[in-house]
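S.K.: Give me the fold of what follows.
(2 chains)
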Number of protein chains: 2
Amino acid sequence: MIEIELKGYADDRVFRNIREAFEFMRKEIHEDMYFSHPCRDFSKTDEALRIRIKRFNGHFEALLTYKGPKIDNISKTRKEIEVTIDNVDAYIELLHALGFREVLTVKKSREKYYVEKGVTITLDEIEGLGKFVEIEKLETDERNIENEVKRLLKILESLGVKQFERKSYLELLMEKTNLSEKS
Amino acid sequence: MIEIELKGYADDRVFRNIREAFEFMRKEIHEDMYFSHPCRDFSKTDEALRIRIKRFNGHFEALLTYKGPKIDNISKTRKEIEVTIDNVDAYIELLHALGFREVLTVKKSREKYYVEKGVTITLDEIEGLGKFVEIEKLETDERNIENEVKRLLKILESLGVKQFERKSYLELLMEKTNLSEKS
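M.R.: Numbers count the residues shown, from 1 in each chain, chains lettered A, B, ... in the order given. Have a look, this model is predicted:
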């Protein structure tokens, strides 16, 4: 399964347009812990390993996710491997023992909207970064990626998104941290 | 939690002594896949990462286990971190993506016997290696380890075990594979 994903900068107006146009699915709170690899520089290989603690509708869920390098030049499409985990502390201890280290935690409030079968838009508010939108489609056929990326791009533009971003929230937060350390 | 563990070579007589002396708990079939670390030589650091697929009483269970280095000179006592996993294929894919590789699979038939509260003995038949017994105790207090090791050793000796082994089945199988390659 390939996750086609596009991200853009948003403001109150973009959020309002999406809230008016699409069906609200749910609100989620994410706490995303990112880990470094013991001998591979994920920031250079464009990979990521994450434990996400997700809260929604009173539920609690934790996931361990590997994200492979982006596979095109416009979207954030990547290979993903994800497993549900039932004991966050044991997994953190296991990762530590294997040499993985926490890099940063991204805290996010996310509203999820239904666009069409297989397509969702999320309104993200990232602690320390501000407002973003993401449009996402799960695709099984690699040959469809290019056309789907164009179509999803147009949907976001029609909602008022002007600037797109391929960098992850993790990368953006790390850049910001480095900048504020330098100034 | 620390797992105090002693292993000895066995034969039909040792197996019979244990079957007569202790209460049978269950029979398990294990398929243990061992993985190498992307940048650490587990055979030198004396660590292990394993996916165990366990079958018993018609049940099926899979576990991901990290074993730290042995912490004394007689027993196989190690730190263990273990999590139950619900999707073996996804975990194998995840480990591959992170650079871990399968080294060897150990196939084992195990009978488990109850000795006393917290202490079990297993009769192991390892494909390609033969018969072994293991005595195991879970201990919370590190100060008890030395005395407990001596006591467990005496129990095995009283059952007819003459030769002990600190090497893991994985190490023994790898040695055997290397020997047969050389001959």
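S.K.: C-alpha only now, for contacts and for neighbours.
M.R.: Will do.
S.K.: Show me which residues of chain A are close to chain B?
M.R.: A:37-39, A:66, A:68, A:81-83, A:85, A:87, A:90-91, A:93-94, A:97-98 (Cα under 8 Å from any Cα of the partner chain).
S.K.: Apply the buried test to these and list what passes.
M.R.: Buried by 16 or more other Cα atoms under 10 Å in any protein chain shown: A:His37, A:Pro38, A:Tyr66, A:Gly68, A:Ile81, A:Glu82, A:Val83, A:Ile85, A:Tyr91, A:Leu94, A:Ala97, A:Leu98, out of the residues of chain A next to chain B.
S.K.: per-residue confidence for the last one?
M.R.: It stands for A:Leu98. Looking at A:Leu98, its pLDDT reads 97.
S.K.: How about it: what's its closest non-neighbour residue?
M.R.: Leaving aside its sequence neighbours, A:Leu98 sits nearest to A:Pro38 (Cα to Cα, 6 or more residues apart in numbering or on different chains; 7.4 Å).
S.K.: residues touching that neighbour, list them.
M.R.: A:Leu98, A:Gly99, A:Phe100, A:Arg101, B:Cys39 (Cα atoms under 8 Å, 6 or more residues apart in numbering or on different chains).
S.K.: about what we covered before: from the buried ones among the residues of chain A next to chain B, which two are the most distant?
M.R.: A:Gly68 and A:Ala97 (22.4 Å; Cα to Cα).
S.K.: A:Glu157 sits in which helix or strand?
M.R.: Taking DSSP states H and E as the criterion, A:Glu157 maps to helix A:145-158.
S.K.: Quick check: A:Asp41 vs B:Met33, distance?
M.R.: Using Cα to Cα, to the nearest Å, A:Asp41 is found at 27 Å from B:Met33.
S.K.: more crowded one of these two?
M.R.: In this view A:Asp41 and B:Met33 are compared by other Cα atoms under 10 Å in any protein chain shown, and B:Met33 has more residues nearby, 20 against 12.
S.K.: and the least confident helix or strand in chain A by mean pLDDT, how far out from the chain's middle?
M.R.: Within chain A, no helix or strand scores below helix A:169-182, which has a mean of 82 by mean pLDDT, DSSP states H and E. Its chain's C-alpha centre and that of helix A:169-182 lie 17 Å apart, by Cα atoms, centre = their mean, to the nearest Å.
S.K.: Flag every buried residue along that helix.
M.R.: For helix A:169-182, the neighbour count (16+ other Cα under 10 Å) marks A:Tyr169, A:Leu170, A:Leu173 as buried.
S.K.: What of stretch A:55-71?
M.R.: Neighbour count says stretch A:55-71 has A:Arg55, A:Ala62, A:Leu63, A:Leu64, A:Thr65, A:Tyr66, A:Lys67, A:Gly68, A:Pro69, A:Lys70 buried, by 16+ other Cα under 10 Å.
S.K.: any idea how far the residue nearest to A:Cys39 when sequence neighbours are not counted is from A:Phe100?
M.R.: Setting aside the residues directly before and after it, A:Cys39 is nearest to B:Cys39 in space (Cα to Cα, 6+ apart), at 6.1 Å. Relative to A:Phe100, B:Cys39 is positioned 12 Å away (Cα to Cα).
S.K.: Model confidence score at A:Leu156, please.
M.R.: pLDDT at A:Leu156 comes out at 97.
S.K.: before we move on, what about A:Ile2?
M.R.: pLDDT, A:Ile2: 78.
S.K.: can you check A:Lys76 too?
M.R.: What the model reports as pLDDT for A:Lys76 is 67.
S.K.: How about the one 3 residues further on?
M.R.: Each residue has a pLDDT score; the one for A:Lys79 is 86.
S.K.: Just the CA coordinates for the biggest strand by length in chain A, please, in PDB.
M.R.: Ranked by residue count, the top strand of chain A under DSSP state E comes out as strand A:101-116. In PDB, the C-alpha atoms belonging to strand A:101-116 read as follows (Å, rounded to 0.1, in the frame of the first residue of the first chain):
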ATOM      1  CA  ARG A 101      17.200   7.300  20.300                       C
ATOM      2  CA  GLU A 102      14.300   9.800  20.700                       C
ATOM      3  CA  VAL A 103      15.000  12.800  18.500                       C
ATOM      4  CA  LEU A 104      11.900  15.000  19.000                       C
ATOM      5  CA  THR A 105       8.300  14.700  19.900                       C
ATOM      6  CA  VAL A 106       5.700  16.400  17.600                       C
ATOM      7  CA  LYS A 107       2.400  17.300  19.300                       C
ATOM      8  CA  LYS A 108      -0.500  17.700  17.000                       C
ATOM      9  CA  SER A 109      -4.200  18.400  17.100                       C
ATOM     10  CA  ARG A 110      -5.800  17.000  13.900                       C
ATOM     11  CA  GLU A 111      -9.400  17.300  12.500                       C
ATOM     12  CA  LYS A 112     -10.100  14.700   9.800                       C
ATOM     13  CA  TYR A 113     -12.500  15.300   6.900                       C
ATOM     14  CA  TYR A 114     -14.000  12.900   4.300                       C
ATOM     15  CA  VAL A 115     -13.400  14.000   0.700                       C
ATOM     16  CA  GLU A 116     -14.300  10.900  -1.300                       C
END
